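Chemist: sharing a model that was predicted from the sequence below.
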There are 2 protein chains.
Amino acid sequence: MRTSIATVSLSGPLTEKLGAAARAGFDGVEIFENDLLAAPIGPEEIRARAADLGLAIDLYQPLRDVEAVPEDVFARNLRRAEHKFRLMRRLGADTVLVCSSVSPLAPDDDALTADQLRRLAELAAEHGVKVAYEALAWGRRVNTYDHAWRIVEAADHPALGVCLDSFHILAKGSDPKGIEDIPGGKIFFLQLADAPPMAMDVLQWSRHYRCFPGQGGLDVAGLVRHVLRAGYEGPLSLEVFNDVFRQADAGRTAVDAQRSLRLLQEAVGTDAPPPPVVPAGIAFAELVTPDTEPLTALLGALGFTRTARHRGKPVELWQQGEARVLLNTAPAEGREGRGPELAAVGLESPDPSGAARRAEAMLAPVLPRRRAPGDAPLDAVAAPDGTELFFVATDTTGTEGWLADFTPLGPGGTADGGAGIRRVDHLALTQPWHRFDEAALFHRGVLGLRPQESVDVADPYGLLRSRAVTSPDGGVRIVLSVGPAPSDDRTAHAQHIALATDDLVATARRIRAAGGRLLAVPANYHEDLAARFDLTPDELETYRELGILYDRDAHGAFLHCYTETVGRVFFEVVQRAAYRGYGAANAPVRLAAQHAGRLIG
Amino acid sequence: MRTSIATVSLSGPLTEKLGAAARAGFDGVEIFENDLLAAPIGPEEIRARAADLGLAIDLYQPLRDVEAVPEDVFARNLRRAEHKFRLMRRLGADTVLVCSSVSPLAPDDDALTADQLRRLAELAAEHGVKVAYEALAWGRRVNTYDHAWRIVEAADHPALGVCLDSFHILAKGSDPKGIEDIPGGKIFFLQLADAPPMAMDVLQWSRHYRCFPGQGGLDVAGLVRHVLRAGYEGPLSLEVFNDVFRQADAGRTAVDAQRSLRLLQEAVGTDAPPPPVVPAGIAFAELVTPDTEPLTALLGALGFTRTARHRGKPVELWQQGEARVLLNTAPAEGREGRGPELAAVGLESPDPSGAARRAEAMLAPVLPRRRAPGDAPLDAVAAPDGTELFFVATDTTGTEGWLADFTPLGPGGTADGGAGIRRVDHLALTQPWHRFDEAALFHRGVLGLRPQESVDVADPYGLLRSRAVTSPDGGVRIVLSVGPAPSDDRTAHAQHIALATDDLVATARRIRAAGGRLLAVPANYHEDLAARFDLTPDELETYRELGILYDRDAHGAFLHCYTETVGRVFFEVVQRAAYRGYGAANAPVRLAAQHAGRLIG
């Protein structure tokens, strides 16, 4: 189907919005009146620019408070509308959005509304324009789609139809099934927006919190199915505005928007992109660092062994159980002066090239397959936060795939024993503030991971939001988090690698014995544990001594502790049986301890 | 009355919170459990630190979901509570907050709740602790203060009373008059918070939007009067958290908090600070600039005349009608490398020293009275955004007051004629993001100005919020605004000085003829004006030619245009008859035009 986006969904001046929409693959735009008013070029030039970019102007929006007014006011409204119809001819837009009246003066008179809309449509038709009438969820009288349709039906004019908006329909709790009773030809336009579940005045909700389909909690796909069954043949058009997009780069937002429509089309069956290939595990985490020293000491204390070295690049492989960490000391452009950080993740994939095809179809930026001559070709894409995601099928014999690029370091470098680390439990990646919703949709749509509930966590200097995306069996768990203030600096908060052990106390003791420095947790925290859980004095004393935090859910217990932070990276070691969370209840204490920076011993 | 503040209201680690509360003049604190858990020092040391700072620990908070549970759960809860009572003894806190249960399992049984609270109080009493029971607005069953009181009355234990919280009471729409039926001695604690009017789930509203009394829309003072009539003798304690304070500097927030309580006490009559002295007009606006050149050219084109020069400093006085602009080229610390900006405002005051006494009582930072030997002494304070506010009584003969520090430049420097500018219409000052609510309360409490409604304005890169504070006769109008993203950089957006004329078309022509550069407004905007208002083609053509924007309210028309921006400053010229606003409807077009940076001619 054709895809369209309202210019109000993108930041910046109109010409940049048009360019961003075209580059992201949209077929058309809705032009928001204020964007036109503020543009330094006239309607004809806007039309020409859009045409050069291959964009239709699918809708001009909106006319407000036109109908259900006294006759003298309506006469003025018709005059105003005629100005707009002439403008639309110059712009090359043939459909205008008319919103249901929000005026407290609008009389309760459907016949009057129908009559005025018919006269408006008559005037529109004279200018070659069609009128799409939309029920705003906060319209004074007309605020449901079926009410709008009854009026359009009564007005009975070929140039008058309805505009359906998923937000207005679903936010009001209307049943979208009735859409199928509207003749498809009378649905002149379809606007799509999602929104997170919030108990809030619907106007505030709409103005500040709309998001792209799949990023919120509304069943937008279900609604679209009804609209398609009704016989609608126009574009799928996004009309989404919120406090985040207004500040974010238009190009990135347009890609996020187009990706949401591709997923929506897959869901409703109007498109069949390559299917998602869900990763089975974390093959490796790659840290880039100007020098290896502080990290090798820390990895050594954590029980990792340096097992191999890249044939052509300054990259070391450190391993313990199934946990693999790459240390990359190659200088990288744009990273000058920055400390160690988590730059890439290897995702164990049952079908790496299938995963890459899916990613490309979902607009993930594809990275060059070969980084250097001689390297094994690798499928990789960039996540919204810039993390490089490699799709790999690890061949542990090292004869092919990414491991074949590494030379084993011989028997001294075996990876058994260590400190009891089994595998990577999860990765925690701080997201750029403006891309948090995009990141969740990306990980779902591109990788086939499942987003979990979003949680707020109190840091001493602001609320962090955090949301895990996981594979069905928990083999891949990535915790996406975002700081309290708009910033595109993904390094403002640290990233971390959480490692799994079956016996955290033993592992922590091994780490300390090997000189590893663990985060000190305040004694007050452990006193409170005694009040909250049935733990023995010995257990409490051990946890206090080792800086171990404790939580429990309906499925089991969770023990975790933290290393010192090196650059923008630290490690967590966790022991979970069937526990499903990430210790969010302990996060405020952990964050405060990290701000304080005290280490044990 | 004694004043207290909850540690959750302030950012950072506990020790910094205590210091900030003490420095702002609070007598006590409520210690929030998570702050204690995260503190690296134990209860005894916290107690000692607070005592050293002269702070009592008025409340420990909270115990949650204690009551209305099955007997086995209650036994566990009592054990947990006893841990906390012991902790409180070490902390030196004698009152614990117990919130009404939010558990969906809580049975509908007041007798059970009363019985369990009585047993909790009995245990508390053994440890010298009192229990203050509070109805959360989202409590499962007990969510009104009168319900909480009925239960406390039925439980009938000397160590059990109620805690009243203005947010929970007023957000639910309860009538606070019934508070007077509660014996004062049974009101163990009073927590105060305000909130802006928002139609939103009360839990979200509470978590993210509370503000200090006087910063929102709840009648906190009215509630306090009822509490005082009931005979309450405890502290006035602030429990306010929102997404802004969590990120803001604790010291500044504590001063803002204490100021709100001083205003509250003035309102309820428990304190009588010096009365506000409302300024009558803008005596001058002072621009600091590294060099005079671009500004003198602009002021000259605007019809200003250089009329005097400061006797001892590189400061020039430019005047036209009653509008006076000071140009200060003295180098100032911290301003190196910055362009021109609005640094100080002279407020015409009927009683400058009275205004200064009021400001000091309301915790405005008082600036040195004499800047240099030989200067006339001047009363001045710093506004939350750093703008210096001078309280002056201008003696236009120049024989005393601030004008006496200036040497007139003789007959060539008379200030009549010019371009028709009469006076300063308003000043627009961008506020640091974290201080927007503080700024409105400051201008009300310190200066006696009246805050108007807050409005959102769409900039191409985010929503701006804007709120005017005005004197009753409009002699002083200051528009406070704030950008979309948290930033303490007040210079991220430009400030401006709006000048009043009686004939904007004539003034704008004079400005252009004198070489002044006015902001170009897109032709699309003026086409739209033709659709919206009955303006003649000549008028429209003139407005287009001069970049004049037009608005109208129920009281009259408003014409305005803008100069180029120099550094962080630009000028607006306005013609208003009885119109009451600031042209907010035109702000999106103006902001887009400023981003585009196109000037006429």
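Modeler: That came through, no problem. Numbers count the residues shown, from 1 in each chain, chains lettered A, B, ... in the order given.

Chemist: pairing partners for the host helix or strand of residue A:390, with directions?
Modeler: Here residue A:390, judged by DSSP states H and E, is contained in strand A:388-392. Neighbouring strands of strand A:388-392 in its sheet, by DSSP bridges, are strand A:341-348 (parallel), strand A:379-382 (antiparallel).

Chemist: give me the most central residue, chain A.
Modeler: Closest residue to the average C-alpha location of chain A: residue A:438 at 2.2 Å, with Cα atoms, centre = their mean.

Chemist: about what we covered before: contacts for the strand holding residue A:390?
Modeler: A:277, A:279, A:283, A:286, A:343-349, A:352-353, A:355-356, A:359, A:364, A:367, A:378-383, A:401-402, A:447 (Cβ atoms under 8 Å, 6 or more residues apart in numbering or on different chains). Every C-beta, even on glycine, is put in place using the N, C-alpha and C of the backbone.

Chemist: mind listing what's buried in it?
Modeler: For strand A:388-392, the neighbour count (16 or more other Cβ atoms under 10 Å in any protein chain shown) marks A:388-392 as buried.

Chemist: return the residues of the stretch 1-150 of chain A in contact with chain B.
Modeler: A:11-13, A:33-34, A:36-40, A:42-43, A:79-80, A:83-84, A:87 (Cβ under 8 Å from any Cβ of the partner chain).

Chemist: of these, buried ones?
Modeler: Using 16+ other Cβ under 10 Å, the buried members of the residues of the stretch 1-150 of chain A next to chain B are A:11-13, A:33-34, A:36-40, A:42-43, A:80, A:84, A:87.

Chemist: sorry, back to before: can I get the strand holding residue A:390 as CSV, trimmed to CA atoms?
Modeler: The C-alpha trace of strand A:388-392 is given here as CSV (Å, rounded to 0.1, in the frame of the first residue of the first chain):
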residue,chain,number,x,y,z
GLU,A,388,27.0,-2.7,15.7
LEU,A,389,25.0,-6.0,15.7
PHE,A,390,26.7,-8.9,14.0
PHE,A,391,24.7,-12.0,13.0
VAL,A,392,26.9,-15.0,13.4
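
Chemist: from the chain's centroid, how far away is it?
Modeler: What separates the centre of strand A:388-392 from the centre of its chain is 19 Å, taken as Cα atoms, centre = their mean, to the nearest Å.

Chemist: cool, and stretch A:129-140?
Modeler: Distance, centroid of stretch A:129-140 to centroid of chain: 30 Å (Cα atoms, centre = their mean).

Chemist: before we move on, what about stretch A:178-186?
Modeler: Using Cα atoms, centre = their mean, the distance between the centre of stretch A:178-186 and that of its chain works out at 32 Å.

Chemist: that stretch - what's its average pLDDT?
Modeler: Averaging the model's pLDDT scores along stretch A:178-186 yields 98.

Chemist: the stretch 401-550 of chain A: helices as residue ranges?
Modeler: A:436-445, A:504-513, A:523-532, A:537-546 (DSSP state H, counting those that start in this stretch).

Chemist: the closest residue to chain B within the stretch 201-350 of chain A: neighbour count?
Modeler: Nearest to chain B, among the residues of the stretch 201-350 of chain A, is residue A:201, at 3.2 Å (Cβ to the nearest Cβ). The local packing of residue A:201 (other Cβ atoms under 10 Å in any protein chain shown) involves 14 other residues.

Chemist: for chain B, state which of the buried ones among the residues of the stretch 1-150 of chain A next to chain B is nearest.
Modeler: If you rank those by distance to chain B using Cβ to the nearest Cβ, residue A:38 comes first, at 3.5 Å.

Chemist: now the closest one: phi and psi?
Modeler: When read as degrees, to the nearest 10, the backbone of residue A:38 gives phi -90, psi -10.

Chemist: what sits against the closest residue to it other than its chain neighbours?
Modeler: Distance criterion Cβ to Cβ, 6 or more residues apart in numbering or on different chains; nearest residue to residue A:38, sequence neighbours excluded, is residue B:592 at 3.5 Å. Residue B:592 makes contact with A:13, A:38-39, B:459-460, B:522 under the criterion Cβ under 8 Å, 6+ apart.

Chemist: quick one: residue B:592 from residue B:480, how far?
Modeler: 22 Å (Cβ to Cβ, to the nearest Å).

Chemist: count the residues that sit near the closest residue to chain B within the stretch 301-450 of chain A.
Modeler: Residue of the stretch 301-450 of chain A nearest chain B, by Cβ to the nearest Cβ: residue A:433 (8.7 Å). Counted by other Cβ under 10 Å, the residues lying close to residue A:433 total 22.
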